[in-house]
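> test case, fold it:
(one chain, ligands or ions: 1)
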Amino acid sequence: MTTLTGWKTRFLALKILIFTERENFKRFKPFLDKYTKDLPPLDRAFVREIASGTVRFLRLLDFSIEKATGKNPAKQKIPTRNALRLTAYQLFFTGIPPYAAINETVEAFKRIAGKKAAGFINAVSKKLINFDYKSAVNEIRDPIERLAVFHSFETWMVKRWHNFYGQNLERLLESLNEVAPLYLRVNALKINVGEFLKLLEDKGFGFEQHPFLKEMVRIKGRVAVEELPGYESGFFYIQDPASYLAAYLLQPKPGERILDVGAAPGGKTTAIAALTGNEMEIYAVDVSKSRMELLKENCKKLGVKNVKPVITDISKDRSFIEKHKNSFDRILIDAPCSATGVIRRHPEGKWNKSLSLIKTNASIQRELIKSAVKLLKPGGVLLFSVCSLEKEEGEAHVALFKNLNLKPQPFEEVKNFLYPDSNVLRVFPYRDGMDGFFYTRWNV
Ligand SMILES: C[S@@+](CC[C@H](N)C(=O)[O-])C[C@H]1O[C@@H](n2cnc3c(N)ncnc32)[C@H](O)[C@@H]1O
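Next comes the predicted model:
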């Protein structure tokens with residue numbers, strides 16, 4: 001397959017940006033996948049980089065466009081402002097020569113909005129060349145606003161994280177802007193870690209094993225995952241160490257009856273099965289039918305057995321509670337959440353959050369916890385996890401667990417590697433090299 005010419009890559013990136021904004025940044029990856037899936041690897045990587053980067057730095061780009069050109073992006077049509085953003089991103093964040101960044105984007109925009117509109121982009125974009133955005137941002141007086149514009153986040157989010165994480169705020173913002181590393185969990189149900197590493201080595205892939213989660217392997221450099229050994233046969237599952245850690249901290253044992261709440265698409269269900277060598281029974285519960293289909297596919301591909309998928313909401317399903325009362329040895333609640341901890345993987349997540357979303361999720365989480373506790377056996381263990389940086393979805397639940405008479409179960413097993421506070425643990429990309437997650441573990 002030949003490589004695309006310059007304007008075609010910008011054309012695809014623009015399509016992705018326009019559709020994403022038309023859906024209010026609720027979805028990005030489906031468009032990214034749709035418009036890049038048939039491209040040769042280099043083009044695919046390039047389109048993904050410029051589209052993701054533009055979404056990631058949207059606020060800074062809009063600020064700069066207004067300062068440099070006097071045109072307020074909010075007053076332009078969606079295609080126009082995205083063409084300007086795409087040009088600004090290339091000018092500020094890539095080494096692409098300015099004439100190429102502008103000409104190719106203008107050529108692409110011609111196909112979308114016609115010659116006249118493209119002429120406007122051409123004229124306005126030229127004012128962005130040599131614009132010193134760092135100096136312009138430095139003139140913002142309010143320190144939180146300045147950080148929010150520079151690192152391109154909503155001010156209300158940065159304010160909250162400043163209250164929560166104080167001095168670490170800037171490191172946090174920087175790390176959420178990094179491109180997440182590619183991690184795989186080697187699937188012990190199909191191959192052992194040593195054999196898999198040997199295959200990687202033989203095929204010339206650069207990799208690094210995680211310092212204490214030995215099943216986790218970081219693949220170095222840019223690779224197409226389909227080219228990794230055993231992609232079709234389920235030798236691995238793409239998963240961040242923070243996500244795997246939820247299954248690891250549940251400490252499932254062979255012979256146990258386990259409930260996985262919010263299980264789909266099965267990242268943690270399949271990890272629990274691997275940790276027990278399929279010698280367990282897992283009820284995988286989720287409200288989403290379509291995501292449950294993915295869970296079934298993943299279980300099949302990875303050779304996972306003894307999983308019972310159940311589509312229900314345990315906080316409302318009385319018959320499920322009656323049927324399974326006091327019957328599970330371990331329960332994982334990997335709860336629906338605001339997902340602010342995974343913004344480096346989902347840059348559109350910067351623009352689709354709200355305070356009410358955080359509150360709604362926190363309330364759903366409380367209901368799930370209250371129902372799940374009824375399902376635990378005496379002596380059973382409950383692990384709650386979320387990929388959120390928000391205290392309402394994390395530390396605030398500790399009082400509820402105490403009210404429900406559960407006992408804290410400290411995270412002794414990771415205290416030499418991570419920073420647990422007894423049975424409460426947070427991990428961060430800037431400190432722990434993984435997505436932002438919260439975990440807490442209790443037993444009855
Ligand atoms: C963080 S995701 C789960 C990821 C999954 N555990 C994994 O590792 O692949 C949260 C899941 O909770 C599900 N969910 C949302 N509300 C729920 C509810 N009330 N009961 C059960 N599942 C729910 C969502 O459909 C979503 O699949």
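
> going by C-alpha atoms from here, please, whenever you check contacts or count neighbours.
OK.

> for Phe212, grab the count of nearby residues.
The number of residues packed around Phe212, counting by other C-alpha atoms under 10 Å, is 10.

> what sits against it?
Phe417 (C-alpha atoms under 8 Å, 6 or more residues apart in numbering).

> now do it against Glu227, distance only.
Counting by C-alpha to C-alpha, to the nearest Å, the separation of Phe212 from Glu227 is 26 Å.

> over to Lys301?
Between Lys301 and Glu227 the computed distance is 16 Å (C-alpha to C-alpha).

> of these two, give the one with the bigger neighbour count.
Using other C-alpha under 10 Å as the criterion, Lys301 and Glu227 rank with Lys301 on top: 17 against 11.

> what residues are up against the more buried one?
For Lys301, the contact set (C-alpha under 8 Å, 6+ apart) comprises 232-234.

> and the residues you listed, which is closest to Pro143?
Taking C-alpha to C-alpha as the measure, Gly234 is the one of the contacts of Lys301 closest to Pro143, at 48.3 Å.

> need the residues of the chain near the ligand, please.
Proximity of the chain to the ligand is confined to 261-268, 285-288, 313-314, 334-336 under the rule C-alpha under 6 Å from any ligand atom.

> my read is that Asn82 contacts Leu14, right?
Yes. Proximity of Asn82 to Leu14 meets the contact threshold set by C-alpha atoms under 8 Å, at 6.7 Å.

> mean confidence for stretch 339-351?
When pLDDT is averaged along stretch 339-351, the result is 98.

> quick revisit: can you go through the contacts of Lys301 and name the buried ones?
If you count burial by 16 or more other C-alpha atoms under 10 Å, the buried members of those come out as Gly234.

> closest one to the ligand out of the contacts of Lys301, please.
Closest approach between those and the ligand, by C-alpha to the nearest ligand atom: Gly234, at 15.6 Å.

> report the longest helix in the protein, please.
Secondary structure of the chain read by DSSP state H shows that its longest helix is helix 355-375.

> what is the mean pLDDT for whichever helix or strand comes after that one?
Next in sequence after helix 355-375, counting helices and strands by DSSP states H and E, comes strand 376-386. Taken as a whole, strand 376-386 has a mean pLDDT of 98.

> now for strand 376-386, which elements pack on it?
helix 241-250, strand 328-334, strand 437-443 (3 or more C-alpha pairs under 8 Å, 6 or more residues apart in numbering; DSSP states H and E).

> pull it out as PDB, backbone CA atoms only.
Taking Å, rounded to 0.1, in the frame of the first residue of the first chain, the C-alpha atoms of strand 376-386 are listed here in PDB:
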ATOM      1  CA  LEU A 376     -20.500 -11.100  50.300                       C
ATOM      2  CA  LYS A 377     -20.000 -14.300  52.300                       C
ATOM      3  CA  PRO A 378     -19.000 -13.800  56.000                       C
ATOM      4  CA  GLY A 379     -15.200 -13.200  55.700                       C
ATOM      5  CA  GLY A 380     -15.500 -12.200  52.100                       C
ATOM      6  CA  VAL A 381     -13.500  -9.500  50.500                       C
ATOM      7  CA  LEU A 382     -14.700  -6.500  48.500                       C
ATOM      8  CA  LEU A 383     -12.400  -4.400  46.300                       C
ATOM      9  CA  PHE A 384     -13.800  -1.100  44.900                       C
ATOM     10  CA  SER A 385     -11.900   0.600  42.000                       C
ATOM     11  CA  VAL A 386     -12.400   3.600  39.800                       C
END
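
> next, format the contacts of Lys301 as a markdown table and append secondary structure.
Below are these laid out as a markdown table (DSSP: H, G, I helix; E, B strand; the rest coil):
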| residue | secondary structure |
| --- | --- |
| Glu232 | coil |
| Ser233 | coil |
| Gly234 | coil |
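
> the residue nearest the centre of the chain: what's it in contact with?
When the chain is reduced to its mean C-alpha position, the nearest residue by C-alpha atoms, centre = their mean turns out to be Val342, at 3.4 Å. Shown in contact with Val342 (C-alpha under 8 Å, 6+ apart): 176, 387-388, 435-436.

> which strand or helix spans the residue located most distally from the centre of the chain?
Within the chain, the residue lying farthest from the chain centre (C-alpha atoms, centre = their mean) is Lys116, at 39.1 Å. Using DSSP H and E, the element containing Lys116 is helix 115-126.

> buried set for the helix or strand following that helix?
Later in the chain than helix 115-126, the nearest helix or strand by DSSP H and E is helix 133-138. Neighbour counts over helix 133-138 (16+ other C-alpha under 10 Å) mark 133, 137 as buried.

> start to end distance for stretch 294-308?
14 Å.

> actually, stretch 231-250.
27 Å.

> again, but for stretch 207-217
7 Å.

> for it, buried residues please.
If you call a residue buried by 16+ other C-alpha under 10 Å, then stretch 207-217 has these buried ones: 207, 209, 215-217.

> before we move on, what about stretch 33-43?
So stretch 33-43, judged by 16+ other C-alpha under 10 Å, has buried residues 35-36, 39, 43.

> again with stretch 287-300
Buried positions in stretch 287-300, judged by neighbour count with 16+ other C-alpha under 10 Å: 287-288, 291-292, 295-296, 298-299.
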